[in-house]
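In: Need a 3D model of the sequence below.
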Amino acid sequence: MDALSTVTMTGLSTSNRKKRGSRSRTGCWTCRIRKVKCDEARPICQRCFATGRRCDGYELQPVEVREVARKTERQLRSKTLEHSDSNMPQLELLQNIGGSPCISVSEARGLEFFRRNTSREAPGLYESDLWRNLILQLCHTEPAILHAAVAVGTLHARYRGISPSLQLQPFNIFEGQHVFAIRQYVKALGYLRHRLSSQDTSSIAEVALICCLLFMCLEMLQGNRVGVMAHLRTGLRVLSGIPSQVDHNYETGGISLVVKERADSLLDQLAAIFGRLDLESTTFGGERAPALRLSLNSRVPESGFSIPTIFSGLEKAKMYLDILCNKALHVRGELLRRAADEVEEEKGDWATKYCFEHTTSRTVNIEGDPILKGQLGKVQVDLTLWLTAFKSYTALRADTQTTIEVKLAMLLEIQHFFIFFQLATCRQTTEVSCDRFNALFQRIVSLVADVGSTSGLTFTIEPGVIPSLYLIALKCRDSRTRRQAISLLYNRSCQEGMWEGKLIAKFTDEVMDWEETLAGKCPENPVTSSKQVSEAARFCDVTLAASENPGRGRIIGARYLHECSRELAIYEREFLIEN
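Out: Coordinates of the predicted model:
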């Protein structure tokens, strides 16, 4: 049954119900499940608040109430249109009837899907009060958030499980649901602009950040990475101007986003999410390093950061891993910056230069820079210490962990591998040295298979297992493990932020075929072992780029010619993109 049917039935199907006093059908979900009378206070039911329960918010207004709303539409239209895009076709307008938003049927459908699906899937395996409660509650008081949520829910429902970048035909922006979602996005922007210019400054930063977050989701679902990065940068600029969330780093001279062990406030939760999403700018945004550094505590200098011998919980382990990822990417960013000075004169488009820069960063001279060399060494050591502290915790809790805690622990180990492997190999120029990780590759693939078996997710705002599978599919030349990783990517129905499993699978499948062909693969001589793939058949770095030919993509590969001149060589290959 779709969301619209659910809304309609909730509003109209009452003839067969027993009448039970005056209990309201518009009470919050928590009170309705408990079968107690709700006081219907907004945005949080006071009955739930007084008893310490979590208020799950309210269902959409019944259809009958919408008739009352239509009678007042003419009176409110002129005022409401002041905050809407003048070129936007007129839809039923947001109005408050008894303190609750009354919205059109199409808006109800989008919001209901957002409530039932998007808000549950977006945080992944982690519990998130922000996604599962706060955003939904704020929809009742903040029109900008409401319409942004409707837009996201509508697109999520329309393109659920689809890899947007693999569509041979671009999304039809004139298709009914798509154009409706874009109108809702424009409407949200209009309300947000009005909110930012109003005299009411209460929670203005939180509203702006949540809107940025929802706008990023909207762009992710369309495969528009440029749009995602634009909204991310806006959110980071907002955060950098909030004194309670940042610290001026006296050692680097920059601004650090403070990561708090207890994210008690809404701002704390938003800061943690944006801090993690900032890491993705180095993969998809063309940035060499994250925009902000992460700091554990404003009173602890950079040099005083240390990993505990054992973590007190998975949340703390995750927090330390986020900070280590940020540190690692800043170190790598400095290596890339220095490499860029050496490849500035190289010819080619951005993809060729990007690949050239990453491969050159492996050989830039840092012997004369003890600070950078020390930072690289410390992050590498800290990543090893993190795994030791993490293993100590999981061993201690082995008999008491719940099913979800076991999955979260596996996910953290998978995510640790992604940054650990990059730092462990960032200065090597020979690819055969990756074979020493074959056992670790197989372990991570097995963990991914266990984590993903029952998740049932189709969209998360942050990356989960795809980045690690991507690395294994590129760097593991053991045929069995490599093909397992690619198969898991092909079967990954969940889009993880800007990471699309099927797109990554297609890309890495082509790289594998290219390398194995160079290694002499043929039907009579299939590649079964990493020993069969010589150094001359392996690439250090590869980049996926668009092609001028419709329906095709480009792979840019780089490697050092160790068999002869040891110079850096660039290769290119086109491949067919299939859905």
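In: so who does Leu270 touch?
Out: Contact analysis of Leu270 by Cβ atoms under 8 Å, 6 or more residues apart in numbering lists 130, 206, 209-210, 213, 239. No exception for glycine: its C-beta is placed from N, CA and C like everyone else's.
In: Shouldn't Arg362 be within a strand?
Out: No: under the criterion used here (DSSP: H, G, I helix; E, B strand; the rest coil), Arg362 is coil, not part of a strand.
In: So what's the residue count around it?
Out: 19 (other Cβ atoms under 10 Å).
In: That one: what's it in contact with?
Out: Counted by Cβ under 8 Å, 6+ apart, Arg362 has contacts 426-429, 540.
In: in the stretch 51-200 of the chain, which ranges drop under the pLDDT threshold?
Out: Scanning the stretch 51-200 of the chain for pLDDT under 70 picks out 51-101, 168-174.
In: could you pull out the helices for it?
Out: In the stretch 51-200 of the chain, the helices defined using DSSP state H, counting those that start in this stretch lie at 63-81, 105-113, 119-121, 129, 135-138, 143-159, 176-197.
In: Highest mean neighbour count out of those?
Out: helix 143-159 (a mean of 27; mean count of other Cβ atoms under 10 Å).
In: other SSEs contacting that helix?
Out: Applying 3 or more Cβ pairs under 8 Å, 6 or more residues apart in numbering; DSSP states H and E, one finds that helix 143-159 contacts helix 105-113, helix 135-138, helix 176-197, helix 204-221.
In: Redo the ones you listed as CSV? Include distance to Glu367.
Out: Shown next, in CSV, are the helices and strands packed on helix 143-159 (distance: least, Cβ to Cβ, whole Å):
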stretch, distance to Glu367
helix 105-113, 56
helix 135-138, 50
helix 176-197, 50
helix 204-221, 41
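In: For Cys28, find the nearest of those helices.
Out: helix 135-138 (9.4 Å; Cβ to Cβ).
In: helices or strands next to the closest one in the packing?
Out: helix 143-159, helix 204-221.
In: Please tell me how far the first one is from the chain's geometric centre.
Out: Taking the mean of its C-alpha atoms, helix 143-159 sits 17 Å from the chain's own mean (Cα atoms, centre = their mean, to the nearest Å).
In: Over to stretch 133-144?
Out: How far stretch 133-144 lies from its chain's middle: 21 Å, per Cα atoms, centre = their mean.
In: what about the strands in the stretch 401-550 of the chain?
Out: Counting by DSSP state E, counting those that start in this stretch, the stretch 401-550 of the chain has strands at residues 459-460, 495-496, 541-546.
In: What mean pLDDT does the longest one get?
Out: On average, the pLDDT along strand 541-546 is 92.
In: then it to CSV, C-alphas only?
Out: This file holds the C-alpha atoms of strand 541-546, laid out as CSV (Å, rounded to 0.1, in the frame of the first residue of the first chain):
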residue,chain,number,x,y,z
ASP,A,541,45.8,5.3,-9.5
VAL,A,542,42.7,5.4,-11.7
THR,A,543,40.1,8.0,-12.3
LEU,A,544,36.6,7.8,-13.7
ALA,A,545,35.6,10.6,-16.0
ALA,A,546,32.9,11.5,-18.5
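In: coming back round to it: mind putting the strands of the stretch 401-550 of the chain into CSV with distance to Cys217 and mean neighbour count?
Out: Below are those laid out as CSV (distance: least, Cβ to Cβ, whole Å; neighbours: other Cβ atoms under 10 Å):
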stretch, distance to Cys217, mean neighbour count
strand 459-460, 8, 22
strand 495-496, 10, 26
strand 541-546, 23, 19
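In: circling back: could the helices and strands packed on helix 135-138 be laid out in a markdown table, adding distance to Tyr560?
Out: Formatted as a markdown table, these follow (distance: least, Cβ to Cβ, whole Å):
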| stretch | distance to Tyr560 |
| --- | --- |
| helix 143-159 | 41 |
| helix 204-221 | 36 |
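In: Export the helices of the stretch 51-200 of the chain as TSV, with columns for distance to Thr384.
Out: Below are these laid out as TSV (distance: least, Cβ to Cβ, whole Å):
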stretch	distance to Thr384
helix 63-81	58
helix 105-113	44
helix 119-121	33
helix 129	33
helix 135-138	38
helix 143-159	39
helix 176-197	45
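In: Can you pull the phi/psi pair for Lys316?
Out: Backbone geometry at Lys316, expressed as degrees, to the nearest 10, gives phi -70, psi -40.
In: Next, the contact list for the spatially closest residue to it that is not a sequence neighbour, please.
Out: Counting by Cβ to Cβ, 6 or more residues apart in numbering, Lys316 lies nearest to Glu261, which is 6.7 Å off, once chain neighbours are set aside. The contact partners of Glu261, taken as Cβ under 8 Å, 6+ apart, are 296, 316, 319.
In: ok, so of these, who is nearest His231?
Out: Closest to His231, out of all of these and judged by Cβ to Cβ, is Met319, at 24.2 Å.
In: Quick check: that closest one vs Val258, distance?
Out: Distance of Met319 to Val258, given as Cβ to Cβ, to the nearest Å: 11 Å.
In: likewise Ile570?
Out: For Ile570 relative to Val258 (Cβ to Cβ), the value is 42 Å.
In: again with Phe311
Out: According to Cβ to Cβ, Phe311 stands 20 Å off from Val258.
In: how many other residues sit next to Ala424?
Out: 18.
In: Surely it is in contact with Gln380?
Out: Yes: the pair Ala424 / Gln380 is scored as a contact, 6.8 Å apart, by Cβ atoms under 8 Å.
In: sorry, back to before: so what's the residue nearest to Lys316 scoring on pLDDT?
Out: So Glu261 comes in at 80 (pLDDT).
In: Look at it and tell me its secondary structure.
Out: Classification of Glu261 by three-state DSSP places it in coil.
In: Quick check: phi and psi on it?
Out: Torsion angles, degrees, to the nearest 10, at Glu261: phi -60, psi -30.
In: between Phe311 and Val258, who's got more neighbours?
Out: Using other Cβ under 10 Å, the more surrounded residue of Phe311 and Val258 is Phe311, with 24 against 18.
In: From Asp278, how far out is the most centrally placed residue in the chain?
Out: Nearest residue to the geometric centre of the chain (Cα atoms, centre = their mean): Glu462, 2.2 Å. Per Cβ to Cβ, Glu462 is found 11 Å from Asp278.
In: ok, how many other residues are close to Arg160?
Out: Neighbour number of Arg160 under other Cβ under 10 Å is 16.
In: ok, for it, nearest residue in space, not its chain neighbours?
Out: Leaving aside its chain neighbours, Arg160 sits nearest to Thr458 (4.9 Å; criterion: Cβ to Cβ, 6+ apart).
In: Now do the same for the one you found: its pLDDT.
Out: 95.
In: which residues pair with Thr460 across the strands?
Out: Thr460 has these beta-bridge partners by DSSP bridges: Glu496.
In: From what I see, it and Cys494 are in contact.
Out: Yes: at 6.4 Å, Thr460 counts as touching Cys494 under the criterion of Cβ under 8 Å.
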